[in-house]
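> Quick one, fold the following:
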Amino acid sequence: MTYRHPSGEEFGGVIGRTVAESTPWWPEPKLAAGTPDVVMVVLDDTGFAHLGCYGSTIATPNIDALAAKGARFTGFHTTALCSPTRACLLTGRNHHAVGMRGVSNFDTGFPNMRGAIPKSAATLAEILRDKGYATFAAGKWHLAPMSECSAAGPFANWPLQKGFDRYYGFLQGETDQFYPELTHDNHFVDVPGRAEDGYHVSEDIVDRSAGMIRDIVSLVPERPFFLYLAFGAMHAPHQAPQAYLDKYRGRFDAGWDVVRAEWFERQKQMGVIPKDTALAPRNPGVRPWGELSSNEKAFAARLQEAFAAMLEHTDVQIGRLIDFLKSIGRWDNTLFVLLSDNGASQEGGPKGVFDEMKWFNGMPEDVDAAVARLDDIGGPESHCNIPWGWAQAGNTPLKWYKQNTHGGGVRDPLIMHFPAGLAAPGASRRQFCHAVDIAPTVLDIVGIETPSVVAGVPQMPVHGVSLKSAIADPEATIARGSQFFEMLGHRGIWQDGWKAVTRHEQGKPFDEDRWELYNLAEDFSETNDLAASEPERLKALIDLWWAEAEAQGALPLDDRNGLALFAASRRPGMPTSRRRFVYHPPVSHIVADVCPPVARGWRMTADIDHPAGKGDGALVARGSINSGFVLYIREGRPHFDYNCFHQHTVVAAAAPLAPGAHMIELDVARRPDGGGDVSLLVDGQEVAAGTIPKLLFMISSTGMDIGRSLSPVCHDYVEPFAWPGRIRTVIFDIPAHERRGEAVAQVRAAMSQQ
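Reported below is the predicted structural model:
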């Protein structure tokens, strides 16, 4: 007699009436012995020239050693933004096809921009895990709609639901390096250290990565692992330990023209670019260094010092990870991939910014005021980003930046290290390749076929191809077809060494965009526009772009304003769809994207039981030491501090609270001049009042806490400043009529967090 178990489980033995009549069976291992481990390190906003092995004078010895013993690609391309590139990396599909046309904060109402990867495009982690890999993610995620990234979920697009066994990092597009908003698996956790004691998130995520690997290697060493490690670096804020900042003092005083020329010559000498490459002209808005005032030079140089310090600090963390893998005997059989998700950032503007939130709020940087605080740049009391001149230097020899489909936005570093399959260590690989090629390459090297069905869901076609042959032979031909680009209306198409590209101006009809044509085989830096001399070739490429755009799901082209981009987050049931927010503490940390929108003013009511004694602590805290607000008790007295980029408006009660029940109310009414009238009330009686000179549209990228302040907003206290009493409820009431400035600030913030 044979019998089939009701579970339907695949079974290769025999089931009889008794064990004596039966034959047990166990499935064979899915992976062959010696299957490689995989580590993928993703840098952010790191331009083509920023790494030492790509031409810069910034110290990146650990990355340089990888390139010297690995394969350095000089024809690697991305999407020009973070979330889309990461979607390509993890799925092998083009970003429009997987709903990630732009940043995951957006949902435009069309399939190409949902802010989440569909089940029909399984991630590399899902495929590897199904085959027996342990899968770990650490650092930046930004592949879930940010409206879903609160403690309420839904969690369907968080790392653990996208194939990773473990996760430790931050879900949003950026975070403060000293006071990060951390998530462990499916819940928020406190920062495990203080900036004053040397904490930095880059060190933390490497430590956690090593811990996850240590567990699996110690307990089941036969099982390979996949680590996806995405640093916050080199995204703003550029923050590093003081010793690294000190090292770069004065190193960039010669200015971006001199440094860019030096890096350009180094690239030619190192063979990163052909010796006949032309240096692209300055991008519009980049002034010659000599035309800057002394204060502008001092400010710009210090911002670049912070960038360099952060990059070297990141390199050290990568070196620590490599040393760890060597120490446990898992280095020689590890495929180690390192890349950047897009070119250097343009969000610092022409002068650079001390705090990028100013740019989101349409506030020009006052350089003459900023130089008074130069020594704060790169530390906890800055949230800085480099100016255009330094960003273009980082993209040497290319033009334009992140967000653009010209070389400065889409041509980026890629290094692969894999001793078992590598030929000609240190040789450059000049083949055109794209982020969609990474997942197929990993699967090819580890010997896994791309599945046609994952978790019962039929899979869409993979758009990338394997680069394994190029690792084995620097001159190998990669059999790939055309590659299209589209980002924010900027467009491009590559085919057989030719590239057509256009930079779109928002609001301008797409048919009026001016297309350029380049022969990349002879014109690495896209400086010799052949559109006029090759009109037929250009037309054919433009026609191909439209065909690919339709096939890859890029349509409709969309350059609408912020209200349209954020419309989905205001649907009923979304965290910011209401005008009244009622919290029942204790509650988890609340990320910025789901905080009450306070740009219009707000009324906040805290129903509390004040303890005996002073009862000092934070009731509600939003933001950081660089911008935000906090309602707190100090010396027993209610205080409110509104921090507008270190300009503090403080109102405080004269008398301390008596023990017992109280209603603490804060009323902030927006004034016609953009400021706010503040009234602080205790049990219905006004106890203090004041005027905020300017209410910010986008107050901070750091979210909100109730009953404590995980990131200090002012210097009156030290985090976490937990309040010892009981908070029954905290209620925010928001006026109607969203202002256009709020939407503009939200879009700027979301785009910058790439």
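> going forward, measure contacts between C-alpha atoms and count neighbours the same way
Fine.
> Where does K499 sit: helix, strand or coil?
Assigned by DSSP: H, G, I helix; E, B strand; the rest coil, the conformation of K499 is strand.
> N404 sits in which helix or strand?
Counting by DSSP states H and E, no helix or strand carries N404.
> Could you verify my assumption that it touches M487?
Yes: the pair N404 / M487 is scored as a contact, 6.8 Å apart, by Cα atoms under 8 Å.
> The closest residue to D641 other than its chain neighbours: neighbour count?
Closest residue in space to D641, ignoring its immediate chain neighbours: V650 at 4.5 Å, by Cα to Cα, 6 or more residues apart in numbering. Using other Cα atoms under 10 Å, V650 has 19 other residues around it.
> could you say what helices and strands the helix or strand hosting V650 packs with?
Using DSSP H and E, the element containing V650 is strand 647-652. Counting contacts by 3 or more Cα pairs under 8 Å, 6 or more residues apart in numbering; DSSP states H and E, strand 647-652 is packed against strand 637-644, strand 685-692.
> Flag every buried residue along the last one.
Going back to what we said before, that points to strand 685-692. Judged by neighbour count (16 or more other Cα atoms under 10 Å), strand 685-692 contains these buried residues: 687-692.
> and these as CSV, adding distance to W25 and pLDDT?
Converted to CSV, the buried residues of strand 685-692 look like this (distance: Cα to Cα, whole Å; pLDDT from 0 to 100):
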residue, distance to W25, pLDDT
V687, 77, 98
A688, 77, 98
A689, 77, 97
G690, 77, 97
T691, 76, 97
I692, 73, 97
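> where's the residue nearest to D641 relative to G271, distance?
According to Cα to Cα, to the nearest Å, V650 stands 58 Å off from G271.
> What is the end-to-end distance of stretch 581-593?
Start-to-end, stretch 581-593 (Cα to Cα) is 14 Å.
> tell me which residues of that stretch are tucked away?
581, 589-593.
> Next step: these restricted to strands.
F581 (DSSP state E).
> Secondary structure class of G16, three-state.
The local conformation at G16, judged by three-state DSSP, is coil.
> Now it. Nearest residue, chain neighbours left out?
Nearest to G16 is S22, by Cα to Cα, 6+ apart, at 4.9 Å.
> which residues touch the one you found?
13-16 (Cα atoms under 8 Å, 6 or more residues apart in numbering).
> Whichever of these end up buried, select them in ChimeraX.
One line in ChimeraX is enough to select the buried members of the contacts of S22, burial here meaning 16+ other Cα under 10 Å:
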select :15
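> Quick check, central residue of this protein?
A centroid search over the chain (Cα atoms, centre = their mean) returns G173, at 3.7 Å, as the residue closest to the centre.
> Spatially, which two of the buried residues of strand 685-692 are the most separated?
Spatially, the most separated pair among these is V687 and I692, at 16.8 Å (Cα to Cα).
> so where is the stretch 501-650 of the chain shaky, pLDDT-wise?
562-564, 566-570 (pLDDT under 70).
> Break down it into its strands, ranges please.
515-519, 580-583, 601-610, 617-623, 628-634, 637-644, 647-652 (DSSP state E, counting those that start in this stretch).
> want to try TSV for those strands, with distance to H434 as columns?
Formatted as TSV, the strands of the stretch 501-650 of the chain follow (distance: least, Cα to Cα, whole Å):
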stretch	distance to H434
strand 515-519	18
strand 580-583	44
strand 601-610	46
strand 617-623	37
strand 628-634	40
strand 637-644	42
strand 647-652	45
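> of all those, which lies closest to A393?
Judged by Cα to Cα, the one of the strands of the stretch 501-650 of the chain that comes nearest to A393 is strand 515-519, at 21.3 Å.
> Now the closest one: buried residues?
Neighbour count says strand 515-519 has 515-519 buried, by 16+ other Cα under 10 Å.
> Ok, stretch 291-301 next?
When neighbours are counted by 16+ other Cα under 10 Å, the buried residues of stretch 291-301 are found to be 296-301.
> low pLDDT regions in the protein?
Checking the chain against pLDDT under 70 turns up 1-2, 562-564, 566-570, 737-754.
> which element follows the lengthiest helix in it toward the C-terminus?
What stands out as the longest helix in the chain, according to DSSP state H, is helix 294-327. Following helix 294-327 in sequence order, the next helix or strand is strand 334-340 (DSSP H and E).
> Output the contacting helices and strands for that next one.
By 3+ Cα pairs under 8 Å, 6+ apart, strand 334-340 packs against strand 37-43, strand 414-417.
> Return the list of strands paired to that strand, each annotated with direction.
Sheet pairing of strand 334-340 (DSSP bridges) gives strand 37-43 (parallel), strand 414-417 (antiparallel).
> So what touches the next helix or strand after the last one?
The element immediately downstream of strand 414-417 (helix or strand, assigned by DSSP H and E) is strand 428-429. Under the contact criterion Cα under 8 Å, 6+ apart, strand 428-429 has outside partners 71-75, 271-272, 470, 474-475.
> how far away is the closest residue in space to K247 that isn't next to it in sequence from R249?
Once flanking residues are discounted, K247 sits nearest to A309: 7.5 Å by Cα to Cα, 6+ apart. Here A309 is placed at a distance of 10 Å from R249 (Cα to Cα).
> N404 and M487: which is more packed in?
Taking neighbours as other Cα under 10 Å, N404 and M487 compare with N404 leading, 29 against 26.
> circling back to that earlier point, would you list the helices and strands packed on strand 647-652 in a markdown table and tack on distance to S218?
What follows is those, written out as a markdown table (distance: least, Cα to Cα, whole Å):
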| stretch | distance to S218 |
| --- | --- |
| strand 637-644 | 48 |
| strand 685-692 | 57 |
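> just so I know, which of those lies nearest T183?
With Cα to Cα as the measure, strand 637-644 is the member of the helices and strands packed on strand 647-652 nearest T183 (26.1 Å).
> on contacts alone, who are the packing partners of that closest one?
strand 628-634, strand 647-652.
> tilt between that strand and strand 628-634?
160 degrees (axes from the mean of the first three to the mean of the last three Cα atoms, to 10 degrees).
> And the contacts of strand 637-644?
614, 625-633, 648-657, 680, 692, 694-696, 699, 713-714.
> residues of it that come out buried?
Here strand 637-644 shows 637-644 as buried, counting by 16+ other Cα under 10 Å.
> Rebuild those as CSV, extending it with distance to A138.
What follows is the buried residues of strand 637-644, written out as CSV (distance: Cα to Cα, whole Å):
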residue, distance to A138
R637, 41
P638, 39
H639, 38
F640, 36
D641, 34
Y642, 33
N643, 31
C644, 32
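> rewinding a little: of all the contacts of S22, which comes closest to D315?
When the contacts of S22 are compared against D315 (criterion: Cα to Cα), the nearest one is G13, at 52.6 Å.
> List the contacts of the closest one.
22-25.
> Out of these, list just those in helices.
Reading helices off the contacts of G13, I find no matches (DSSP H).
> wait, R223 sits on I213?
No: if you go by Cα under 8 Å, R223 and I213 don't touch, sitting 10.6 Å apart.
> who's more crowded, these two?
Neighbours were counted for R223 and for I213 using other Cα under 10 Å; I213 has more, 22 against 18.
> tell me the secondary structure for that one?
The assignment at I213 comes out as helix when based on three-state DSSP.
> So what pairs up with the closest residue to it other than its chain neighbours in the strands?
Closest residue to I213 apart from its sequence neighbours, by Cα to Cα, 6+ apart: F225 at 7.4 Å. Assessed by DSSP bridges, F225 has beta-bridge partners A134.
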